[in-house]
Each structure stands twice: as C-alpha cells, then as structure tokens.
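1. model the following, please.
(chains A and B)
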Amino acid sequence: GENVEQHPSTLSVQEGDSAVIKCTYSDSASNYFPWYKQELGKRPQLIIDIRSNVGEKKDQRIAVTLNKTAKHFSLHITETQPEDSAVYFCAASPDNFNKFYFGSGTKLNVKP
Amino acid sequence: SAVISQKPSRDICQRGTSLTIQCQVDSQVTMMFWYRQQPGQSLTLIATANQGSEATYESGFVIDKFPISRPNLTFSTLTVSNMSPEDSSIYLCSVASANEKLFFGSGTQLSVL
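-> Predicted structure coming up:
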C-alpha cells in the first residue's frame, strides 16, 4: 500500500517567519494530497488540498506544491502566527479516493 | 462539509470488555472510514466501512477485534473487542464527501485499565 513520509517531525519558527513541511509518497497512482491541521484535543481539520493535475495551489497564507515526478509535496505557511501552532499531517489518496494514508505529522510551534 | 457526530466522546473501560463507537453523518455518504490515533502519533486507517457488505480491513487489523457495521449510508459503528491497555487510543470516524474530501468526526478517546 501507500507509504507517506513527512518531515520534519517538529518545527519551531519565529512569528512572521515562513514554515515549510515536506512529504513524500510511494504509490505513483496517488492523485490527491490533502493537508490537515490538528490542534490539541481536537479533530484534524482540512486546510488545503491539491490534485495531481495541478502543481501549486494557494489559499491566503498557505500554499501547497506538488512534484509528481519526484513524488513529493510540500506545505508552505507564510507570515506565521501563534495560532498556526498545531500538528500538521499530510496525506495521499490512491485508488480514486477510496483510501487516505497519512504522514507521521509535524508539530509546528510559532513563537511570539 | 458533512456534519459528523461521534459518540461516546470518551470512555474508560476495563480490560476484557468491549466498546461500541457510533458515527452518524447528516447526509448520505459512500465512503466511511475508521482511524486510530495513538497518543502523539499519526492517523492509522483501521478499515473502510462498506454499506451492505463487510468492511475492508487494513493490514494488522482484523474483524474479530474490530467488528464494523454499516447498515445505511449515514451510520456506522466500530466495536473494540476484548480490550487491553494497548487499545487505549483515539478512534476517529471519517467520511469522504461528494467532492471526495475527507472529514473527521470529533473522536472517541478510549482508556483501557
């Protein structure tokens, strides 16, 4: 099955700096790549996603890039704020969205 | 996005007992999934709950331990059977919406003594 690797496991940045989280996947059939934010004690929330026919997608301060050839995708957060502090998970979905496989998570700490 | 209600939100159970977790969605969905999230860990897919047929289990998970029901397109249950302390975890129901985005229920935090 699909194997999704994510790094770094922890990331600490100063407020206002940018943060980048990277993921790789193994199954070339994967064609949908969502990112989730999970605050302590809460459910994972979808923050942005990208499909395989697109190389980049932006939504205000967050963006995701995808390199299908290299099988990697990244989350970029600009102008970070303390409320961005959370655990972020990447995921990949092969098999026409019948399954979703998650990376190991990145704990982002934004220092005020 | 779909509204997903999951209950109980938490429970403390004795070793050897079973707990059934319910997941209710406010709209009909084709794909429902059950995930486990151990403390400080990622989300691991347990199984896909198929309406009208047996669930499809991931490697390492078996029906005898985690029986799943899916009687209709808005409801599913996951039972954690013959529990041990290693089953202490958060269990999350999730659904794929019509536009194929994945959303999660609020989770069930299970502690096994």
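2. neighbours around A:E15, how many?
-> 13 (other Cβ atoms under 10 Å in any protein chain shown). Glycine gets a C-beta too; all of them are placed from N, C-alpha and C.
3. leaving out chain neighbours, which residue sits closest to it?
-> Residue nearest to A:E15 in three dimensions, not counting chain neighbours: A:P112, with 5.1 Å by Cβ to Cβ, 6 or more residues apart in numbering or on different chains.
4. can you check A:T10 too?
-> Using Cβ to Cβ, 6+ apart and skipping the chain neighbours, the partner closest in space to A:T10 is A:K107 (4.7 Å).
5. from the chain's centre, how far out does the host helix or strand of the one you found sit?
-> For A:K107, the host element (DSSP states H and E) is strand A:106-111. Averaged C-alpha coordinates place strand A:106-111 at 13 Å from its chain's average position (Cα atoms, centre = their mean, to the nearest Å).
6. so for the host helix or strand of B:A47, what gets flagged as buried?
-> For B:A47, the element it lies in under DSSP H and E is strand B:44-49. When burial is assessed from 16 or more other Cβ atoms under 10 Å in any protein chain shown, strand B:44-49 yields the following buried residues: B:T44, B:L45, B:I46, B:A47, B:T48, B:A49.
7. out of those residues, who's near chain A?
-> B:T44, B:L45, B:T48 (Cβ under 8 Å from any Cβ of the partner chain).
8. was I right to think the second one contacts B:F33?
-> Read that as B:L45. Yes. With contact defined as Cβ atoms under 8 Å, B:L45 counts as touching B:F33 (6.2 Å).
9. now do the shared contacts for those two.
-> Counting by Cβ atoms under 8 Å, 6 or more residues apart in numbering or on different chains, the common neighbours of B:L45 and B:F33 are A:K99, A:F100.
10. who's the closest spatial neighbour of A:D27, skipping the chain neighbours?
-> Using Cβ to Cβ, 6+ apart, the closest residue to A:D27 is A:E2 (4.2 Å).
11. Provide the backbone phi and psi angles at that neighbour.
-> A:E2 adopts backbone torsions of phi -70, psi 140, taken as degrees, to the nearest 10.
12. and the pLDDT at it?
-> Here the pLDDT value assigned to A:E2 is 85.
13. surely it and A:Y101 touch.
-> Yes. Shown here, A:E2 and A:Y101 form a contact pair, counting by Cβ under 8 Å, at 4.3 Å.
14. quick revisit: okay if I get the ones next to chain A among the buried residues of strand B:44-49 as a markdown table plus pLDDT?
-> Formatted as a markdown table, these follow (pLDDT from 0 to 100):
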| residue | pLDDT |
| --- | --- |
| B:T44 | 94 |
| B:L45 | 92 |
| B:T48 | 92 |
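15. pick the one among the residues you listed closest to A:I50.
-> Nearest to A:I50 among those, counting by Cβ to Cβ, is B:L45 at 20.6 Å.
16. B:G60 versus the closest one, what's the distance?
-> B:L45 is 10 Å from B:G60, where distance means Cβ to Cβ, to the nearest Å.
17. what does chain B put close to chain A?
-> B:1, B:31, B:33, B:41-45, B:48, B:58-59, B:92, B:94, B:96, B:100-107.
18. buried ones among those residues?
-> B:31, B:33, B:42-45, B:48, B:58, B:92, B:94, B:96, B:100-107.
19. quick one: low-confidence residue ranges for chain A.
-> The model of chain A has pLDDT under 70 over residues A:95-97.
20. how close does the residue lying closest to B:N82 once chain neighbours are set aside get to B:S81?
-> Excluding its sequence neighbours, the residue lying closest to B:N82 (Cβ to Cβ, 6+ apart) is B:G16, at 6.0 Å. To B:S81, B:G16 is 10 Å away according to Cβ to Cβ.
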